[in-house]
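>>> structure here, sequence nowhere to be found:
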């Protein structure tokens, strides 16, 4: 009988006083903002952008555009390895909470949004790079992402998740710059116009192993589609305000980190290929270091290898086989 894994959740408020914990992946969107001399203005500006976008989208019964604000919580999930007394920081996601200043009510938004994972860093920055080091043609190793996918699904089905969150997670990511997206006739009142990609991406395949399907939508007044990864039915399982909380939060992060795509001065047309070399874009007032993020992803992948994959290799293989 293989060991099992249990999960422990920690919640940290993401506000202008936020400081990343020692276990946080420092390439994570929210952690990256909270470093350096401009940390407090970075955080303040990002949170203001999120609230402004939320109110612009939730514009009914909101004549002054200030009815709502969002509270964000960072949800850190540790994997506890049974009987060993050891825990490993597995994933971090964001939870939105909606404050209605007209009714003084606070309602839960969506959990997920941002997705940060040491084991994903290991897969993409260690396993995939090593596999392709001496290959003439890029290929994907066998069983790529299997363990990560099983661990994530195990977490979502766990008592810990069910006790803490009412609905399954939705993760919102950038579109891929090596795919072409075509606009469809389908339009949702909040998510906007649906796009479909010309082919599946490696990220899509990786998230599919996590049990997630994907759809691409460009909300009104956005300039590029966003990728929404979800269980169930994205369009009927969540309220308009819940969906707006995810769009306003994640579009803000994308404007900061992918301004060439999400802060471009031209809107995506009928056929759209994202371009990270696009010069016709605006920058936000928020400072970050993209090259540092790429370098740190490799360091974080090595951290996962040293502290989780290698020490528990036998346990992980047995557990993975028993969860086929």
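The structure has been received and is ready for your questions. These figures come from a predicted structure and were not determined experimentally.

>>> against residue 211, how distant is the closest residue to residue 231 other than its chain neighbours?
In this structure, residue 231 finds its nearest non-sequential neighbour in residue 168, 4.1 Å apart by Cβ to Cβ, 6 or more residues apart in numbering. For glycine as for every other residue, the C-beta is placed from the backbone atoms N, C-alpha and C. According to Cβ to Cβ, to the nearest Å, residue 168 and residue 211 sit 9 Å apart.

>>> then residue 89?
Residue 89 is 21 Å from residue 211, by Cβ to Cβ.

>>> more crowded one of the two?
residue 89 (22 against 16; other Cβ atoms under 10 Å).

>>> check whether the more buried one sits in a helix, strand or coil.
strand (DSSP: H, G, I helix; E, B strand; the rest coil).

>>> residue 224 now?
Residue 224 - assigned by three-state DSSP - is coil.

>>> quick one, strands of the chain?
Along the chain, counting by DSSP state E, strands occupy 5-14, 68-81, 86-100, 105-117, 170-173, 181-188, 192-197, 213-218, 226-230, 271-272.

>>> format those as CSV; extra columns: distance to residue 280 and mean pLDDT.
Shown next, in CSV, are those (distance: least, Cβ to Cβ, whole Å; pLDDT from 0 to 100):
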stretch, distance to residue 280, mean pLDDT
strand 5-14, 31, 90
strand 68-81, 30, 92
strand 86-100, 30, 91
strand 105-117, 27, 94
strand 170-173, 23, 97
strand 181-188, 18, 97
strand 192-197, 20, 97
strand 213-218, 18, 98
strand 226-230, 20, 98
strand 271-272, 14, 96
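
>>> now those strands as a markdown table including distance to residue 315?
Listed next are these as a markdown table, based on distance: least, Cβ to Cβ, whole Å:
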| stretch | distance to residue 315 |
| --- | --- |
| strand 5-14 | 9 |
| strand 68-81 | 7 |
| strand 86-100 | 10 |
| strand 105-117 | 19 |
| strand 170-173 | 27 |
| strand 181-188 | 41 |
| strand 192-197 | 37 |
| strand 213-218 | 30 |
| strand 226-230 | 28 |
| strand 271-272 | 45 |
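
>>> among those, which comes closest to residue 62?
Across the strands of the chain, residue 62 has its closest neighbour in strand 68-81 (7.3 Å, Cβ to Cβ).

>>> what's the closest one packed up against?
Contact here means 3 or more Cβ pairs under 8 Å, 6 or more residues apart in numbering; DSSP states H and E; on that basis strand 68-81 packs against strand 5-14, helix 39-57, strand 86-100, strand 105-117, helix 240-257.

>>> can you redo these as TSV with distance to residue 302?
Putting the helices and strands packed on strand 68-81 into TSV (distance: least, Cβ to Cβ, whole Å) gives the following:
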stretch	distance to residue 302
strand 5-14	22
helix 39-57	26
strand 86-100	14
strand 105-117	15
helix 240-257	23
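
>>> please identify the deepest-packed of those.
Stretch with highest mean neighbour count among these: helix 240-257 (a mean of 24; mean count of other Cβ atoms under 10 Å).

>>> got the contact list for residue 235?
188, 191 (Cβ atoms under 8 Å, 6 or more residues apart in numbering).

>>> before we move on, what about residue 216?
175, 181, 194, 195, 196, 197, 225, 226, 227, 228.

>>> hang on, isn't the last one packed against residue 170?
Meaning residue 228. Yes - counting by Cβ atoms under 8 Å, residue 228 does reach residue 170; the two are 6.1 Å apart.

>>> which residues touch stretch 281-288?
32-33, 36, 38, 41-42, 45-46, 49, 255-257, 259-261, 263-265.

>>> at 7 Å what do you get?
In this structure, residues lying in contact with stretch 281-288 by Cβ atoms under 7 Å, 6 or more residues apart in numbering are 32-33, 38, 42, 45-46, 255-257, 259-260, 263-265.

>>> do stretch 71-90 as well
By Cβ under 7 Å, 6+ apart, stretch 71-90 touches 3-14, 21, 23, 30, 91-97, 99, 111, 117-119, 151, 155, 249, 307-308, 312, 315.

>>> and it, how far apart are its ends?
23 Å (Cα to Cα, to the nearest Å).

>>> could I get the pLDDT score of residue 63?
pLDDT for residue 63: 96.

>>> now the protein, which segments are flagged as low pLDDT?
For the chain, the stretches with pLDDT under 70 are 1-3, 20-37, 82-84, 287-294, 324.
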